[in-house]
Structures are given as structure tokens and as C-alpha cells.
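1. Dropping a prediction and its sequence here:
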Amino acid sequence: MRQYNERFNAIRPREYDGSHLVFSGISPEISLKPHQLNAVAHTIYGGNTLLAHVVGAGKTFTMIASAMESKRLGLC
């Protein structure tokens, strides 16, 4: 078991923390949840992102916030 873990379980995906993100120009009616903020941070800092959340988890708002922030930062 130890050999297997050392050989195959050596890579751990990076976790992104989006709690520091502040979105200027976003509607005050919209407040993103922590998992959405983390997904936006992953989109901005990660280079490539797959949003595979369950139905109703807010993927659309996450994608819109990611696009707005990327544009504001001059990344796209």
C-alpha cells in the first residue's frame, strides 16, 4: 500500500481561494458563494478550468464573473 501511494498518489491538485476577490460593477443583487469565488480564482489563476458543478450551483454567474474579472485585469 505504501509503495502504491508513493508512486501514484504523489500529485495533489491545487486548491484556489477566491475569498479576496472583489468585483466592481457587479449588481448588488448578486452575491457569489464561496465555491463560486474559488472557481473564479481558478479561472483567473489556473489557465484552464472545467466548471463541472451540479445543476443549480451557479455556473452561469461564475462564468460571467470570471469573464468580467478577466477583462478588467486585461487577461482577455
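-> Thanks, I have the structure now. Given the structure is predicted, the values throughout are model-derived calculations rather than measurements. Numbers count the residues shown, from 1 in each chain.
2. Please count neighbours and contacts with C-alpha atoms only from this point.
-> OK.
3. next one: phi and psi at Glu29?
-> Backbone dihedrals for Glu29, given as degrees, to the nearest 10, come out at phi -70, psi -20.
4. and if you look at the one 3 residues further on?
-> Taking degrees, to the nearest 10, you get phi -80, psi 140 for the backbone angles of Leu32.
5. Contact partners for it?
-> Phe61, Thr62 (CA atoms under 8 Å, 6 or more residues apart in numbering).
6. Could you measure from it over to Phe8?
-> Counting by CA to CA, to the nearest Å, the gap from Leu32 to Phe8 is 35 Å.
7. how many other residues sit next to Ala65?
-> Close neighbours of Ala65, defined as other CA atoms under 10 Å, add up to 20.
8. can you pull the buried residues of the helix or strand where it lies?
-> Using DSSP states H and E, Ala65 maps to helix 59-73. By neighbour count with 16 or more other CA atoms under 10 Å, helix 59-73 contains the buried residues Lys59, Thr62, Met63, Ala65, Ser66, Ala67, Met68, Glu69, Ser70.
9. For the last one, list the residues it contacts.
-> Taking CA under 8 Å, 6+ apart as the criterion, Ser70 is in contact with Ile44, Cys76.
10. Going along the chain, name the strands of this protein.
-> Read by DSSP state E, the chain holds no strands at all.
11. Quick one: residues contacting the closest residue to Ala39 other than its chain neighbours.
-> In this structure, Ala39 finds its nearest non-sequential neighbour in Thr62, 6.9 Å apart by CA to CA, 6 or more residues apart in numbering. Residues near Thr62 by CA under 8 Å, 6+ apart: Leu32, Gln36, Leu37, Ala39, Val40.
12. do His35 as well
-> By CA under 8 Å, 6+ apart, His35 has no neighbours at all.
13. Quick check: the gap between it and Gly18.
-> Per CA to CA, His35 is found 8 Å from Gly18.
14. can you check Phe8 too?
-> 29 Å.
15. Between the two, which is the more surrounded one?
-> Gly18 (18 against 8).
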